[in-house]
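*Asks:* Fold the following for me, if possible:
(one chain, ligands or ions: 1)
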Amino acid sequence: MHLRKLIAGNWKMNKTTSDAVALARDLAAALGQQNDIDVAVCPPFTALESVGKVLDGSIIKLGAQNLHPEASGAFTGEISAPMLRALFVTHVIVGHSERRVLFGETDSFINQKVLTALKHQLRPILCVGENLAEREAGATLRIIQTQIEAAFEGVSKELAPSVIVAYEPVWAIGTGKVATAEQAQEVHGFIRGLLAKLFTETVARKGRILYGGSMKPANAGELLGQKDIDGGLIGGASLEARSFVDLVRAAAEAK
Ligand code: PGA
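*Replies:* Numbers count the residues shown, from 1 in each chain. The predicted model follows:
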């Protein structure tokens with residue numbers, strides 16, 4: 001069974017509100033008819049409301065880049081799930097490697113975020129991935145297993161397929177060094193097998209597993225043609241309408 005592919009853009013800390021609105025307008029205009037692929041963009045928090053208005057009625061879903069596990073309280077600078085829901089956000093990136101490495105997010109903190117997102121009907125896009133030293137030490141699958149097991153702790157088998165996993169080898173993010181299709185497929189296949197062990201075959205079959213890390217129109221076709229690669233989480237190439245639209249088209253062809 002082939003799952004419907006998802007192409008999600010992670011705009012990271014880029015774009016003022018007016019730049020974000022302009023990009024969203026271009027994407028909505030270009031992707032208006034593309035209804036065989038799921039598409040989401042994750043602008044910075046400051047642009048969520050304005051971008052949401054532009055995307056209203058389009059096929060493009062609105063995602064956020066992070067959330068706090070608590071619904072409200074004394075957490076200066078943080079954003080909660082109800083705040084995101086109030087802006088019609090449907091997806092949220094959780095555990096991106098930049099948050100893990102630069103902001104010290106631990107597996108258990110990420111697990112709390114996954115549980116909170118699910119509780120508030122937000123679809124978590126859970127990022128996992130090894131760094132270069134871990135890959136070179138042959139520890140890739142062990143690292144992925146630890147991250148997945150921790151992130152899914154306490155998730156029911158009914159809700160598990162709502163968690164979208166994004167395999168993002170840290171050494172491939174923003175570096176132009178993309179994983180080969182074989183390297184990516186090996187890890188994606190492993191993640192699917194792990195989900196079957198932790199939950200059921202059905203969960204493993206239904207849960208989407210995206211690849212992220214220097215995915216571009218030129219390399220997307222081969223990656224997205226792999227059996228267990230169900231889409232992409234795109235950083236750099238999502239910041240321009242042309243490359244993001246080309247990626248969505250590549251995903252449509254690879255389905
Ligand atoms: P990249 O980023 O496409 O720029 O490598 C991907 C990501 O960090 O999600």
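*Asks:* Which pLDDT value belongs to the residue lying farthest from the centre of the chain?
*Replies:* Among residues of the chain, the one most distant from the C-alpha centroid is Ala74; the distance is 27.8 Å, by C-alpha atoms, centre = their mean. Here, the pLDDT recorded for Ala74 equals 98.
*Asks:* Ok, the one 3 residues further on next?
*Replies:* The per-residue pLDDT reported for Gly77 equals 97.
*Asks:* do the one 5 residues further on as well
*Replies:* If you check Pro82, the pLDDT there is 98.
*Asks:* Against Ala8, how distant is the most centrally placed residue in the chain?
*Replies:* Centroid-nearest residue in the chain, with C-alpha atoms, centre = their mean: Ile125, separated by 4.0 Å. Remark: distance between Ile125 and Ala8 (C-beta to C-beta, to the nearest Å) = 6 Å. Bear in mind the C-beta positions are built from the backbone N, C-alpha and C, glycine included.
*Asks:* For those two, list the residues in contact with both.
*Replies:* 42, 63, 91, 93, 166, 210, 233 (C-beta atoms under 8 Å, 6 or more residues apart in numbering).
*Asks:* OK, contacts around the residue in the chain positioned nearest to the ligand?
*Replies:* Across the chain, the shortest distance to the ligand (C-beta to the nearest ligand atom) belongs to Gly235, at 2.3 Å. Residues near Gly235 by C-beta under 8 Å, 6+ apart: 10, 12, 173-174, 212.
*Asks:* Which two among these are spaced furthest apart?
*Replies:* Taking C-beta to C-beta, the two most distant members of the contacts of Gly235 are Lys12 and Gly212; they sit 11.7 Å apart.
*Asks:* between those two, which one's more packed in?
*Replies:* Comparing Lys12 with Gly212 by neighbour count (other C-beta atoms under 10 Å), the higher total belongs to Gly212, at 26 against 18.
*Asks:* Mind checking which of the shared contacts of Ile125 and Ala8 are in strands?
*Replies:* Counted as lying in strands by DSSP state E, out of the shared contacts of Ile125 and Ala8, are 42, 63, 91, 93, 166, 210, 233.
*Asks:* returning to what we had before: neighbour count, pLDDT and distance to Val114 added to the shared contacts of Ile125 and Ala8, as CSV?
*Replies:* Converted to CSV, the shared contacts of Ile125 and Ala8 look like this (neighbours: other C-beta atoms under 10 Å; pLDDT from 0 to 100; distance: C-beta to C-beta, whole Å):
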residue, neighbour count, pLDDT, distance to Val114
Cys42, 27, 98, 16
Gly63, 26, 98, 15
His91, 23, 98, 13
Ile93, 27, 98, 11
Ala166, 27, 98, 13
Leu210, 26, 98, 15
Leu233, 28, 98, 16
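*Asks:* out of those, which one sits closest to Arg142?
*Replies:* So of the shared contacts of Ile125 and Ala8, ranked by how close each gets to Arg142 (C-beta to C-beta), first place is Ala166, at 18.7 Å.
*Asks:* ok, which stretches of this protein are helices?
*Replies:* For the chain, applying DSSP state H gives helices covering 17-31, 48-55, 81-85, 97-102, 107-119, 132-136, 140-151, 181-198, 201-206, 217-224, 241-254.
*Asks:* what's the pLDDT at Met1?
*Replies:* Listed pLDDT for Met1 reads 55.
*Asks:* same thing with Lys255?
*Replies:* At Lys255, pLDDT is 67.
*Asks:* Check Met13 too.
*Replies:* Per-residue confidence (pLDDT) for Met13: 98.
*Asks:* so how many other residues sit close to the nearest residue to it once chain neighbours are set aside?
*Replies:* Leaving aside its sequence neighbours, Met13 sits nearest to Pro44 (C-beta to C-beta, 6 or more residues apart in numbering; 6.1 Å). Applying other C-beta under 10 Å, we find 18 residues neighbouring Pro44.
*Asks:* And Pro44, how far from Val21?
*Replies:* Note on Pro44: its distance to Val21, by C-beta to C-beta, is 12 Å.
*Asks:* And Pro82, by the same measure?
*Replies:* Noted for Pro82: a distance of 24 Å to Val21, by C-beta to C-beta.
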